[in-house]
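Chemist: Give me the fold of what follows.
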Amino acid sequence: MKQEIPQLDSPIRNFGVQLSSTPRGARLARLLATEQLRTWGLPTDPAAHIVAELAANAATHGRVAGRDFRLLLYVVGDTLRIEVADTRGECRPQTRHPTDDAESGRGLLLVDALADRWGTTPGPRPRKTVWAELSLPPDHGNACSGATGGLSQRPRR
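Modeler: The predicted structure is shown next:
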């Protein structure tokens with residue numbers, strides 16, 4: 001008797017790259033993520049904004065001279081997960097509420113507004129990973145649906 005192997009309704013897709021903890025590395029993370037999402041036939045927004053914020057934080061607050069950060073994107077089922085890992089595990093990200101005239105400090109507020117879920121995962125030491133998830137529409141893996149389908153919008157609080 002032949003045993004059937006279960007098939008996934010949608011493929012598992014992943015992309016990872018290690019980048020320098022510099023402003024240039026952060027910009028490259030956004031560009032590479034945008035191109036990978038296009039290759040997968042997924043919309044670039046709001047995922048590209050989330051990648052930009054997490055990569056900028058890794059290059060600014062997670063920077064250790066001579067150590068890189070890692071960007072990982074993957075799709076499993078109906079979820080796009082974005083992960084950025086750096087080598088400052090002792091520096092946990094926190095949302096701040098900057099003054100109106102502050103020039104920075106809004107990155108995690110944007111991530112919180114754009115992502116369905118986000119958080120941090122420790123280790124292995126000295127690393128930490130900041131992650132964000134976006135729900136995909138049910139037809140994201142359907143070749144007949146085209147590449148124009150958007151990420152689902154979460155209800156606003």
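
Chemist: Only C-alpha atoms from now on, for both contacts and neighbour counts.
Modeler: Noted.

Chemist: So Leu73, which state does it fall into?
Modeler: Under the three-state scheme (DSSP: H, G, I helix; E, B strand; the rest coil), Leu73 adopts strand.

Chemist: Where does pLDDT dip in the protein?
Modeler: Segments of the chain classed as low confidence (criterion: pLDDT under 70) are 1-10, 102-105, 138, 140-157.

Chemist: do that again at 80, thanks
Modeler: 1-11, 63, 65-66, 89-105, 137-157 (pLDDT under 80).

Chemist: And the strands in it?
Modeler: Counting by DSSP state E, one finds strands in the chain at the ranges 13-20, 68-76, 79-86, 117-122, 128-135.

Chemist: Can you tell me which helices and strands the fourth one packs against?
Modeler: Applying 3 or more Cα pairs under 8 Å, 6 or more residues apart in numbering; DSSP states H and E, one finds that strand 117-122 makes contact with strand 128-135.

Chemist: now the angle between strand 79-86 and the strand it packs on, please.
Modeler: Angle between the axes of strand 128-135 and strand 79-86 is 160 degrees (criterion: axes from the mean of the first three to the mean of the last three Cα atoms, to 10 degrees).

Chemist: In the protein, where's the longest helix?
Modeler: Scanning the chain for the longest helix, with DSSP state H as the assignment, gives helix 23-39.
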